[in-house]
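Enquirer: model this:
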Amino acid sequence: MPNDTIAIGPDLVRALDEVLGQDPSGAIPVVVVAAFLDQLAKGYGLSESESLEDDRLPDISMPAFAAEALAGLLGDVEDREKLADRVYAALVATAPVPATRKALNKSKPLSEVSVRLVGQIYWNLKGTDSRPKLPRRPREMRVGGKTVSIDLPAAKAGEDFATMLAADRSRAELPDKVTGYRFRQQGALLAVLMAKHIVESAGVVRAGFDGVEFSRLEGAKGSARALVGVASSAPTVLPSASLDTATHNPLGKESAISSRERAEYLIDNLEEDLRQSIERLLLGQLPTEAVLGPDHGKVLARQEGSDVTGGRSLASFLLPQEAYDVLLRHIADLPTELAELLEENFVDFEMFLPTRNRIMKGRPLQPGDLEQASEFVGGFLSGLTPRAAAAAERLAERPDWQPRRRAGSDLPDSVLHNLPAPDFDETGLLGRESQIQEVVRLLKSPRERIITLIGEGGVGKTALAVEVAYRLVDDPESPFDYVLWTTLKDEALTARGIQSLSNSVRDLVSAAGDLGHFLDPEFEGDASDLAALFGAARALIVVDNMETTLGDDVVAFADSLPEATILFTSRRGVGSLERRVPVGPLESHSAAQLFRTFAEHRGSDLAGMSDTKLDETLRLLRYSPLAIRWCVLSVLDGRPLADVLHHQDDLLKYCVGNVVGGLSPDSKTILSILRALDRPVSVQELAVVSDIDIDAFSEATKLLVQASLVVRSHVADDIERERLALSSTARAFLPPAEESELLTRTLQRERLLLEDHERDQQKIAETGRYFDPNVVFQRTPHDGPVAHLLRKALREAKAGDMNAADTSVARARALDPTYFEVDRVDAFLASMRREEARATTLYRSAREYSDTDEQRYWVDYFYAAHLARTVRDITGAIDLAEQTHAYFNRYDTGLPLGNYYAWMGRFTEGYTLIESAVEQAPTVKTKRIATTALVDCLRLWAADELKAGSAAASLRRALDGVATGLKLHLADSTDEQLVHAIVRAATTALEAAGQCAPDEGTEKQLADAVQRLTEDEGLRGSAAQRSLEYQIIGLPDDLRERIAPGVASDLDRPTPKARLRGTVHNAGETYGFIAHPDFPNNVFFQAGWLTGTTRMKDLKVGTIVEFTPSKNEKGQDQALHVVAKLGLHGDGDPTRD
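Expert: Numbering: from 1, shown residues only. A predicted model of the protein is given here:
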């Protein structure tokens, strides 16, 4: 098999991808047939290869391998009648297929226009040496045993395809435009659909396709292309066309059109040749109205409305398409050579019109437009087009010449505008098509009045705005009568640095004057006067580079122009009324295409850079269009590429310098912190590390995002978890963090934050207390920053700084108000302050925000403690604690539940749970805590038995408590809480002993306990020991002598002098608080600290008491040796004896 290939263009590549929905290499027969059909529609060969032996189609040539493959698949390819019938049947068969209609976005069988577009395939196959004729076909055809309708009109006698299409443009029922991009795309799409039908209907794929491969390539301008050929060929470049390239581009490669001005010059001269042909050959021979036909009235109107009419013939006012149509309608009256030239180039002319309009009307160019202009005009160059031929010769002789545009070379736009010439003609606007369409849609919507293209400097906001504005100027459905442009730009970046621009427009006030001056040279008003100048006309106002005028000025400007739509470009946004459209860097493939194309047009060797090196270069340039152009121009200016890439000071200053300079102090601080951390950071973490007021922090970060200095990202699968990081440009602009107080504080806070959760886990491991009051439940690492603030609040509250604690909780709530631990910790602090109602409400809210049972029961543990200790709702506490213990079944859930049972008098249940907690206690400390609770449980049980009149049983129970506590105390595992519990139990035992006649053994056990407590060196002189001694004083003398011999004589020492008098603030069953002027927060006391005959039941709010002030091991105030002065009441001065 010969070693050759078929080249496939971008339209067919896209169509193959769309129809096949898979790698086309898996459907080689469809690819080959589609390429053949597509080429027949275009009318010339596919590649340099062996021609099929048929002199009726001398322009058609195919690679030998493709011809052989088609012969096996389709039959005798040299039998053109048979092949034509197969192709026509495929065209008809595709019409009623739902998938075809969906691919074509149709709701019914193929339209007349669609059939004609791809019908060129059939007409080429049926052609002869004379002009191709449109076939006559019925409107119905039998295909596969079914009758299929097809909307294909019959031809008039002698009428060819080109003539019929020209005539059809005057029909109202046909679309105005069936050419250009739509023509190519729909034709390619139908070619693939037909090829798929042909291959599938052939039944068996022949062996002629064996060894054929499909390879994707990228054209010179980045367009999608492909090659199909035998595997051994492995071509690395696109093959040239089968036709002699010089025939299509006589300008030659060295003189190809390199600028819009040269293209305008060449096209203008060709169009003048067409008009001159009408003038010489038709207008001088036939009546004017007969020549111009349906265009006569429009041309006369243009002539009458023109400012320049002298010496200009009526033909000069014909649009290019109208001129071509006039020539085709009178083709029989033209010289044969000219008629053939027009017919040969008809399809190319239709396809070229969109490109022509972009070039001649100053619209932004698309990739390949200049090359297409060169090829198109080259197809017309001959002695029949003398002006174009002379222009081509002149351009070839002077490759650097940029001709001026001839006055009147194109007609004015229907939409009045003052749009600037685009500065991206060399490359076209790459990678923005979807965004262009979106912005156009928004601007056409009556619901959107102010739209801002927002992005960092250099990403292409201005270019996007220019392209969008021109699209709306040319859009027949555009709602605007005026499209007006003004810019506030006052500097530009060049390869040699930043240059200032002379621009009188500095703000929106001067912008209004600039816009009005375009419509009326005498205009000197403001925005309101501009609105009056518009009258009933709709206007789109584009304000470029809106950086300094913000907020109220924008609102005032927009309010003054209520009927206008405004498009801003800005690096930071202009206010709250706008609809923001972010503009980011280019995608990598578009950036690569821009780099190579721009370098190629500028004659730079950078165009040939390897893909690997280009990827790294684009990364350093941050895929920014401005940075790419600046880089190429800087290298052309003589700077080494490495120097350009690593020293971008001017570029970065231009892109973000002014924006950074105008930031608030808080925003600059956040930028510095992000630069120091140098990683994406959650909003919560950044707020914690910055330590800035939350409201100020939110405003500062919002401004940074709006200014495109900071970019947002989200954790995968969680849109709520947002991270912030410096934009690549901002990071490059800001220097690395230097040693400073800010850096030191930042890194210290970061370290504390990262270590905080680890410290919590370490604390749990060391203490064995899962429910430690200072531990915060952290669901995921995302909770870390807010959990850190809550831990900080708990530490501050523990240190007595409640104001600081409240501030930390408020910061946590501002960052994540739905995190259940925020309400839980806030409730814990409120309960500490005895704010019962607020704490209860917060605990309930925390339960609502809990997502899992574990979280809910975690909250219930602390909620139960609040109900039991602050609200005194022991029943409610037990309900919550039972559920919590059932879920966790831990030492630290069983212990509080046991306490609650004991407080409710359910002593057996309480004792069992607390005793189990003692056995399960994971550490010495937790065992001491549980033992203390067990001693208290036995004491309460004993007190209850004493109250019930069972003094002997009470004495035994209290002594059990004393013995349990002393065992641990004497083992040197003790603390003040345990000692006080033992003393309280001993006090109850002494009280019970005073009400019964204990047997000798019990009395000895009590005496041993009292002796141990009074002689304990650790207790000597302590408040606990003094409290015990006061209880001994209250015993009958004989019992006191038996239980504590010698203790009474020790008590003749003076009573401590530091006795104070206060009133009971509140009192419960086991503890209370005393009000005294020296203690603003009141003084705590327990039942065990009562002295003499005073009992808790004797104390009411306002009862006057005496007490000895003391402090516990934590430094907290407490009252010892509390004695009620029952003869006194709180209506006098309680501090006086």
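Enquirer: Break this structure into its domains for me.
Expert: The chain resolves into domains spanning 5-230, 245-397, 416-582, 588-656, 663-749, 769-888, 909-1053, 1060-1124 when parsed by automatic domain parsing.
Enquirer: Make CSV from these and add distance to residue 894 to it.
Expert: Where C-beta positions appear, they are placed from N, C-alpha and C, glycine not excepted. Below are these laid out as CSV (distance: least, Cβ to Cβ, whole Å):
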stretch, distance to residue 894
domain 5-230, 64
domain 245-397, 76
domain 416-582, 56
domain 588-656, 60
domain 663-749, 35
domain 769-888, 6
domain 909-1053, 5
domain 1060-1124, 21
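Enquirer: Take the ones you listed and lay them out in CSV including mean pLDDT and mean neighbour count.
Expert: Below are those laid out as CSV (pLDDT from 0 to 100; neighbours: other Cβ atoms under 10 Å):
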stretch, mean pLDDT, mean neighbour count
domain 5-230, 55, 18
domain 245-397, 78, 18
domain 416-582, 83, 18
domain 588-656, 88, 18
domain 663-749, 80, 17
domain 769-888, 91, 20
domain 909-1053, 84, 19
domain 1060-1124, 85, 18
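Enquirer: Spit out the contact partners of the residue nearest to residue 1070 when sequence neighbours are not counted.
Expert: Spatial nearest neighbour of residue 1070, excluding adjacent residues (Cβ to Cβ, 6 or more residues apart in numbering): residue 1087 at 5.0 Å. Contacts for residue 1087 (Cβ atoms under 8 Å, 6 or more residues apart in numbering) come out as 984, 1069, 1070, 1071, 1095, 1096.
Enquirer: Pretty sure the third one sits against residue 1095.
Expert: No. Under the contact definition of Cβ atoms under 8 Å, residue 1070 does not touch residue 1095, with a separation of 11.7 Å.
Enquirer: If I look at residue 398, what pLDDT would I see?
Expert: Note on residue 398: pLDDT of 79.
Enquirer: and if you look at the one 5 residues further on?
Expert: Residue-level confidence at residue 403 comes out at 78, pLDDT.
Enquirer: State the three-state secondary structure for it.
Expert: coil (DSSP: H, G, I helix; E, B strand; the rest coil).
Enquirer: and the nearest residue to it once chain neighbours are set aside, helix, strand or coil?
Expert: Once flanking residues are discounted, residue 403 sits nearest to residue 265: 4.2 Å by Cβ to Cβ, 6+ apart. At residue 265 the chain is in helix, as set by three-state DSSP.
Enquirer: likewise residue 499?
Expert: Here residue 499 is recorded as strand under three-state DSSP.
Enquirer: From residue 456, how far out is it?
Expert: 20 Å (Cβ to Cβ, to the nearest Å).
Enquirer: Also residue 618?
Expert: Using Cβ to Cβ, residue 618 is found at 16 Å from residue 456.
Enquirer: swap in residue 209?
Expert: Residue 209 is 51 Å from residue 456, by Cβ to Cβ.
Enquirer: And for residue 423?
Expert: Counting by Cβ to Cβ, the gap from residue 423 to residue 456 is 19 Å.
Enquirer: And residue 817, by the same measure?
Expert: Per Cβ to Cβ, residue 817 is found 32 Å from residue 456.
Enquirer: Can you point out the helix or strand that includes residue 1063?
Expert: Using DSSP states H and E, residue 1063 maps to strand 1060-1067.
Enquirer: swap that for residue 216, sorry
Expert: If you go by DSSP H and E, residue 216 is part of strand 212-218.
Enquirer: in the protein, which residue is closest to the centre?
Expert: Nearest to the mean C-alpha position of the chain, counting by Cα atoms, centre = their mean, stands residue 713 at 5.4 Å.
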